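> quick one, what's the 3D model for this:
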Amino acid sequence: ERDMEISKYLAELREKIGYPRKLNTNWAKNQPRLFEIARALTNSSLIISLQSVDDVVLKNVKRTNIKLSTFKDIIDKINAAKGVSGTEIILGLPGETKQSHIDTIKQLFDWNVSYMICYNALILNGTEMALDRESGKFITKTKFRLIDNCFGKYNGITSLEAEEGIRSTSAISEEDILYFRPVHWLIMFLWNYRFYFPLLKYLQSLQINPFDYIVRLIDNVNNDSTPKKIKGIFNEFKKDAENEWFDSFESFYEYYSQPQQFKLLEEGRYGKLNGRYIFRVLLEAREDFEKYLYQTASEYSSECQAKKAVLKELINFSSSSIIDVAGSWDKVIMEKDLSYSYDILAWESLGYGKALEKFYNKESVKYSFYLLEEQRKSMDTLLKQYTHKNKNVTLRKMSEFMYLGDFFYNVRHEVEANALNTGTKKA
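Here you go, the predicted structure:
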């Protein structure tokens, strides 16, 4: 009862003063009123950690998940209420194989879990997994990497903090773990953060699992037809994903404590790869990335080739929905009107459950893309709060704490906008 009271109070506070725009919550998976609490909080994501859906892995880590049927029921309810359903999975746990991790991801896509947080398994001193490694029960190879933002110089002492991550086990190789690094990045970019999300939902309607499309994006990146900027960004991501790990803490410390490398740390050259490369794409190669998304989707199958017009319109709609963060904030367009052949907004409002083609309108559908005043103020505050000479750093730090919907325009049918404007003039 107390949890419900707190949730309702926070929702009322947000309604009155527009704060907090985002709420991070750690959920107890066996809380019987999870759905009611999440619904009351509105903008809060309901995250129920699974780690894996593979029985062997769960047994090895002595974990009992919420019943999958119960999990699926909660996910369906959250999605139906237009909330954000989510889970956490961990790569590299004892017994996890490349195939079992693929199966977990594909299953979560099939269940329409709308937010998948993909972690790499870590060894923490004093935990049972660390003790199993010491005893030889759990055979693993580990390496060290920088914890984001955990560096500084204090009274002449260079301080750096690292995490020890699992890079291979008896069940999965380091090469296979590296295989998933760009997969996890693109899940965060296209699915979790909602950039180009309608495209993935449409491909799902064609019986294409988003995982398979993401793998195709990665596998085809070095084709001759791929835009040069996209080749460069993807290949740099893969290189950084490998080079961020060090064989020992000593080699890690020695590398980053060098004056030149420490200066790059201060300039934001290093940091969480997912966020850094999401905003590299949006700041440096957005148009080329959209071309590549279209190219890969339209060539995926003969059915996709026949849907080229739909795919192009979906990507165009998604692109128009994204606020241009590359330029100066004070020059961002506050409102714009655009027309489309399909009523994408109506399709979205029905949970993407019907074929988009049924929403075709030969006279075109007119939309108004606009920013709310509270959204504009929030973005303005965050841009000042996290300002950095490297804009990529500003945006990726903002994204960790803000309501992600603020990166997008609100969209309504133009007739609704006209009705609101008329009402305002009459008043």
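> what residues of the lengthiest strand in the chain count as buried?
Longest strand of the chain, by residue count under DSSP state E: strand 140-154. Neighbour counts over strand 140-154 (16 or more other CB atoms under 10 Å) mark 140, 142, 143, 144, 145, 146, 148, 151 as buried. Every C-beta, even on glycine, is put in place using the N, C-alpha and C of the backbone.
> ok, now stretch 399-416?
Residues of stretch 399-416 classed as buried by neighbour count (16+ other CB under 10 Å): 399, 402, 403, 404, 406, 407, 408, 409, 411.
> wait, what's in contact with the closest residue in space to the fourth one that isn't next to it in sequence?
Spatial nearest neighbour of residue 404, chain neighbours left out: residue 193 (5.7 Å); criterion: CB to CB, 6 or more residues apart in numbering. Contact criterion CB atoms under 8 Å, 6 or more residues apart in numbering gives 278, 399, 404, 407 as the residues in contact with residue 193.
> do a quick rundown of the strands in the stretch 51-200 of the chain.
84-91, 115-120, 140-154, 157-169 (DSSP state E, counting those that start in this stretch).
> export those strands as TSV, with columns for distance to residue 16 and mean pLDDT.
Shown next, in TSV, are these (distance: least, CB to CB, whole Å; pLDDT from 0 to 100):
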stretch	distance to residue 16	mean pLDDT
strand 84-91	22	86
strand 115-120	27	91
strand 140-154	33	94
strand 157-169	40	95
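> now the ones you listed as TSV including distance to residue 7?
Listed next are the strands of the stretch 51-200 of the chain as TSV, based on distance: least, CB to CB, whole Å:
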stretch	distance to residue 7
strand 84-91	15
strand 115-120	19
strand 140-154	30
strand 157-169	33
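> of all these, which one is nearest residue 348?
Comparison of the strands of the stretch 51-200 of the chain against residue 348 by CB to CB identifies strand 84-91 as nearest, at 14.2 Å.
> hmm, back to that, mind putting the contacts of residue 193 into TSV with distance to residue 80, secondary structure and pLDDT?
Shown next, in TSV, are these (distance: CB to CB, whole Å; DSSP: H, G, I helix; E, B strand; the rest coil; pLDDT from 0 to 100):
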residue	distance to residue 80	secondary structure	pLDDT
278	28	helix	97
399	27	helix	90
404	21	helix	89
407	25	helix	94
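> what's near enough to touch the residue nearest to the spatial centre of the chain?
Centroid-nearest residue in the chain, with CA atoms, centre = their mean: residue 188, separated by 2.4 Å. Residues counted as contacts of residue 188 (CB under 8 Å, 6+ apart) are 118, 274, 278.
> which of those residues sits closest to residue 129?
residue 118 (18.5 Å).
> so who does that closest one touch?
By CB under 8 Å, 6+ apart, the neighbours of residue 118 are 88, 89, 91, 105, 180, 183, 184, 187, 188.
> ok so, going back, now the longest strand of the chain, how far from the centre of its chain.
23 Å (CA atoms, centre = their mean, to the nearest Å).
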